[in-house]
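Undergrad: need coordinates for the below:
(one chain, ligands or ions: 1)
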Amino acid sequence: MMAYLTPAVRNVLSWYDGERPGVKASLARMLMHGRTGGSGKLVILPVDQGFEHGPARSFAANPPAYDPHYHFELAIDAGLSAFAAPLGLLAAGANRYAGEIPLILKANNANGLGTVKDEAITGTVRDALELGCSAVGYTIYPGSDRQYDMFEEVRAGAAEAKANGLAVVVWAYPRGGQLDARAETALDVVAYGAHIAALLGAHIIKVKPPTSYIAEPEAQQAYASGDYARLHDRIAHVVQTAFDGHRIVIFSGGPARDDATILEEIRDIHRGGGHGSIVGRNAFQRPRGEALELLGKIIDVHLEGND
Ligand code: FBP
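TA: You can find the predicted model right below:
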């Protein structure tokens, strides 16, 4: 038999031995796709910012990005692992690009016009299956006054997704309640969010790169003996909190920044043992050629040491 999966991907899949074969096959589909295919790393394009931040804030910087097909082609041509988006955006291209790029249905969404830190369920497991997706994705807002309802929604959606052979991605974004802006990216808070996502049964966990700030007074002592001044050490800690590195943890790109700043951060993510990146605005807010170039460099960093 000719081996299809690489040792790196077999190793990642071994973390999910408690899961059904369909779920592992869906994870394998993403892990074997694109330029990082076979390396155990993932680089994903997320395009839910039109929902979360509004259309002009998301796409005015690069107007071709108003077209859903633009994002499918960007993800395909950059050789990414997967493309994640809300129902309407995926439905606008899933048929035309069927089989060309693994898809993740972002199944809940918020919008910037609201005041409550919560998300509505905007897609179902059945939608994901009809669109040919490999995974469904949910955002949770640990710390929000609505967090427990969000956890229950993820529990229900994830159970149905797993029963149907889909992987589950959780965007763990602490916010709301008593968390101020600084606390949202504090090391202890980001790590707490990643751990909650793992406990909720996420296969892939997405977080923001953490700062060295420790927000919770009760957590100060636990962090007192560690040195978290360097980003790669903070990344390593967050990965550790996701079942001792046995869950795929990927890091978001954030607002558009210059290439050098982004790439420096990606190098730290790689050095800290992060399993990849999920980069939206820093991809589709650049002209296509520049986006392809930057995504190519991001992939190169994640592939370092994989020869
Ligand atoms: P970016 O690379 O654009 O930051 O995308 C990652 C992401 O998680 C999106 O999926 C989501 O829309 C956005 O970040 C949320 O950003 P914010 O924290 O500003 O609401």
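
Undergrad: ends of stretch 11-26, what's the gap?
TA: Its start and end residues considered, stretch 11-26 measures 15 Å (C-alpha to C-alpha, to the nearest Å).

Undergrad: I misspoke; the intended subject was stretch 129-140.
TA: End-to-end for stretch 129-140, by C-alpha to C-alpha: 22 Å.

Undergrad: so how far is it off the chain centroid?
TA: Centre-to-centre, stretch 129-140 and its host chain are 12 Å apart (C-alpha atoms, centre = their mean, to the nearest Å).

Undergrad: that one - what's its average pLDDT?
TA: Per-residue pLDDT over stretch 129-140 has a mean of 98.

Undergrad: would you mark the buried spots in it?
TA: With burial defined by 16 or more other C-beta atoms under 10 Å, the residues of stretch 129-140 counted as buried are 131, 133-140. In this view, the C-beta of every residue, glycine as well, is placed from N, C-alpha and C.

Undergrad: show me which of those residues is closest to residue 171.
TA: Each of the buried residues of stretch 129-140 was checked against residue 171 using C-beta to C-beta; the closest is residue 139, at 4.0 Å.

Undergrad: that closest one - that's part of a strand, no?
TA: Yes - remark: residue 139 belongs to a strand, assigned using DSSP: H, G, I helix; E, B strand; the rest coil.

Undergrad: who's it bridged to?
TA: Under the criterion DSSP bridges, residue 139 forms beta bridges with residue 171.

Undergrad: residues contacting it?
TA: With contacts defined as C-beta atoms under 8 Å, 6 or more residues apart in numbering, the neighbours of residue 139 are 106, 108-110, 119, 150, 170-171, 173.

Undergrad: out of those, list just those in helices.
TA: When DSSP state H is applied, these are split such that residue 150 fall in helices.

Undergrad: near the ligand too, which of the contacts of residue 139?
TA: With respect to the ligand, and counting by C-beta under 6 Å from any ligand atom, the subset of the contacts of residue 139 in contact is 171, 173.

Undergrad: can I get the contacts of residue 139 in a markdown table with neighbour count?
TA: What follows is these, written out as a markdown table (neighbours: other C-beta atoms under 10 Å):
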| residue | neighbour count |
| --- | --- |
| 106 | 28 |
| 108 | 23 |
| 109 | 18 |
| 110 | 20 |
| 119 | 26 |
| 150 | 21 |
| 170 | 26 |
| 171 | 27 |
| 173 | 25 |
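
Undergrad: how deep is residue 113 tucked in, by neighbour count?
TA: In terms of burial, residue 113 registers 6 neighbours under the definition other C-beta atoms under 10 Å.

Undergrad: now the residue of the stretch 51-200 of the chain found nearest the ligand: closest residue in space, sequence neighbours ignored.
TA: Going by C-beta to the nearest ligand atom, the ligand is nearest to residue 52 of the stretch 51-200 of the chain, at 3.9 Å. On the basis of C-beta to C-beta, 6 or more residues apart in numbering, the spatially nearest residue to residue 52 that is not a chain neighbour turns out to be residue 110, at 5.9 Å.

Undergrad: contacting residues for the one you found?
TA: Contact analysis of residue 110 by C-beta under 8 Å, 6+ apart lists 51-52, 117-120, 139.
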